[in-house]
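Participant: Make a model of this:
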Amino acid sequence: MGVDLEGAEPLYRQVAAEVERRIAEGVYLAGKRIPSTAELSEEFGVSRRTVTDALVLLKQSGVVRGVQGRGTFAREADT
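Facilitator: Below is the predicted model of the structure:
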């Protein structure tokens, strides 16, 4: 998957959807740190601001959580 730089969907939403998919599929494990903003920015070929906006969206929806000074972590699945 990835992002479509020419697509109609805003890039930050595409990045958010891809990160959420990876969490759901176990690529990024629950409770573990996901790649940094810089790493995701480089991988997807988008600005760090775009990745930051995507992570804000994921934090608001409870998919990830930020830990000051440590990074962003995939949320544990509700059981």
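Participant: low-confidence ranges in the protein?
Facilitator: Low-confidence segments of the chain, defined by pLDDT under 70: 1, 77-79.
Participant: Which stretches in it count as helices?
Facilitator: Counting by DSSP state H, the segments of the chain that form helices are 11-24, 37-44, 48-60.
Participant: report the angle between the axes of the first one and helix 48-60?
Facilitator: For helix 11-24 against helix 48-60, the angle by axes from the mean of the first three to the mean of the last three Cα atoms, to 10 degrees is 50 degrees.
Participant: helices and strands around helix 11-24, which ones?
Facilitator: Helix 11-24 sits against helix 37-44, helix 48-60, with contacts defined as 3 or more Cβ pairs under 8 Å, 6 or more residues apart in numbering; DSSP states H and E. C-betas here are computed from N, CA, C, even on glycine.
Participant: Distance-wise, check G69 relative to Q14.
Facilitator: Applying Cβ to Cβ, to the nearest Å, the value for G69 to Q14 is 28 Å.
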